[in-house]
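Undergrad: Got a sequence here, can you build the structure:
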Amino acid sequence: MANTYIAYHFTIEPAELGSQILIAQLEETAFESFEETEEGVSAYVQKDVWSENILNEIEILSNENFKISYTTNEIEPVNWNEEWEKNFSPIDVDGICHVRAPFHPATNAKYEIVIEPKMSFGTGHHETTHMMIQHLLDLDVTNKKTIDMGCGTAILAILAEMKGAQPIDAVDIDNWCYLNSIENAERNNCKHISVYEGDASWLNDGQKYDVFIANINRNILLNDMAAYVNCMNDNSVLLLSGFYTEDFEAINECCEKLGLTFESKKERNNWLGLKYIKNLQSLKLIQNVL
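TA: Reported below is the predicted structural model:
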C-alpha cells in the first residue's frame, strides 16, 4: 500500500544558500526527499512518521540572516508507475549510456539501462547521478569488486556490471530503494549484483573494494568517509557526489586527511562529482579516525 506524504513548501531569501543549509538540516530529521524550486525547497515526509514538532530543531528557521516561510499540504497515495510514465523521459549521457523506463522504446546505445524508478532516487535526471555515470564511463572497472553505497535505483551498480565489474554490492538504508534496486537489477539481467538494506554500519573490516561509489548527501559523506576508506584496497577508486560546489573544500579536506588523492572532478549546475584514489598511507591515517 502506498504511503501518504506531508509536503512542506519553503520560500527562502536568499534562496540558493538558504536552500542548501535547510536541506542539510532537514536531512537529519524524518524528511526523505527534496525538490529545489525557484522560491526555495519542497520537502516530503511520510505521514506516519511526521510530528507537529518536526521543525523544532531546524536552526536556520530562526536565523535572522534568512527569511523563511512555508506552507504544507497532504499528498494522497498515487500510482507512481502512472506518474513516472507521464513525466519520466529517457536520458542520454554523452551518446554512450541511455537510461529509459520500460515503456520507452529500446535504442542502440552501448549501455542501455532500464529503470523502474518509482519513488527511489537515481534515474539519471539529477545532476549528481548524471556525473557519476560519466565518471563510470571514463573508468575501467573490468573484474573490479565494486560497491554502490546509497544505491537508490541501483543504476550505478547496473552500469558497473555492464562495464565488467564483479562482484558488486548495492546498499541503501531505505526499504523502498532496497526493493526497487532488486527489481532493477533483475530487469537488466544482472548476475553479479547483491543488494542489501543498510548504511555505513553494514560495512566491516573484512570487506575490501576496488571501486567505491557513494552518491549521498554532504553530511553523511563526511560522517562515513573513514568507514568507506577502511573498506578500500590500496589504489582503489572512490567516486563521490551528492553535494554542491561550495562543499568541495569540506569534502576534499576530509578525503585528504584520510590519505586520498584528488584525481578529477565534474561540475553540473552547481553540483559536483569527484574522483579520488586511495594512497598507501590511507590505512595508517584512518586508524586514528575509526
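Undergrad: Give me the distance between the residue of the chain most remote from its centre and Glu28.
TA: Going by C-alpha atoms, centre = their mean, the residue of the chain most distant from its centre is Glu64, 31.3 Å out. Glu64 sits 21 Å away from Glu28, going by C-beta to C-beta, to the nearest Å. For glycine as for every other residue, the C-beta is placed from the backbone atoms N, C-alpha and C.
Undergrad: returning to what we had before: model confidence score at the residue farthest from the centre of the chain, please.
TA: Looking at Glu64, its pLDDT stands at 93.
Undergrad: Then Glu82?
TA: Predicted confidence (pLDDT) for Glu82: 62.
Undergrad: now swap in Phe243 and tell me
TA: Note on Phe243: pLDDT of 88.
Undergrad: Can I take it that it is in a strand?
TA: Yes. With DSSP: H, G, I helix; E, B strand; the rest coil as the criterion, Phe243 is assigned to a strand.
Undergrad: for this structure, which spans come out with low pLDDT?
TA: In the predicted model of the chain, residues 1-3, 77-88, 117-125, 280-290 satisfy pLDDT under 70.
Undergrad: what ranges do the strands span in it?
TA: Ranges of strands in the chain, per DSSP state E, are 5-13, 33-36, 40-46, 67-75, 91-93, 97-100, 111-114, 146-149, 168-172, 193-197, 209-215, 232-244, 260-268, 271-278.
Undergrad: can you redo those strands as TSV with distance to Glu161?
TA: Shown next, in TSV, are the strands of the chain (distance: least, C-beta to C-beta, whole Å):
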stretch	distance to Glu161
strand 5-13	33
strand 33-36	27
strand 40-46	31
strand 67-75	35
strand 91-93	16
strand 97-100	13
strand 111-114	10
strand 146-149	8
strand 168-172	6
strand 193-197	6
strand 209-215	12
strand 232-244	15
strand 260-268	22
strand 271-278	20
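Undergrad: which of those strands sits most buried?
TA: strand 146-149 (a mean of 29; mean count of other C-beta atoms under 10 Å).
Undergrad: and the residue lying closest to Leu137 once chain neighbours are set aside, what is it in contact with?
TA: Closest residue to Leu137 apart from its sequence neighbours, by C-beta to C-beta, 6 or more residues apart in numbering: Ile96 at 5.6 Å. Neighbouring residues of Ile96 by C-beta atoms under 8 Å, 6 or more residues apart in numbering: Ala109, Lys110, Tyr111, Leu137.
Undergrad: Those, buried ones only, as a ChimeraX selection?
TA: ChimeraX command restricting those to the buried ones, with burial defined by 16 or more other C-beta atoms under 10 Å:
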select :109,111
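Undergrad: Could you point out which of the contacts of Ile96 is nearest to Ser194?
TA: Nearest to Ser194 among the contacts of Ile96: Tyr111, at 20.7 Å, using C-beta to C-beta.
Undergrad: Show me what that closest one bridges to in the sheet.
TA: Beta bridges link Tyr111 to Cys97, judged by DSSP bridges.
Undergrad: and the gap between it and Ser181?
TA: Remark: distance between Tyr111 and Ser181 (C-beta to C-beta) = 18 Å.
Undergrad: where along the stretch 101-250 of the chain do the helices fall?
TA: 127-138, 155-162, 175-187, 218-230, 248-257 (DSSP state H, counting those that start in this stretch).
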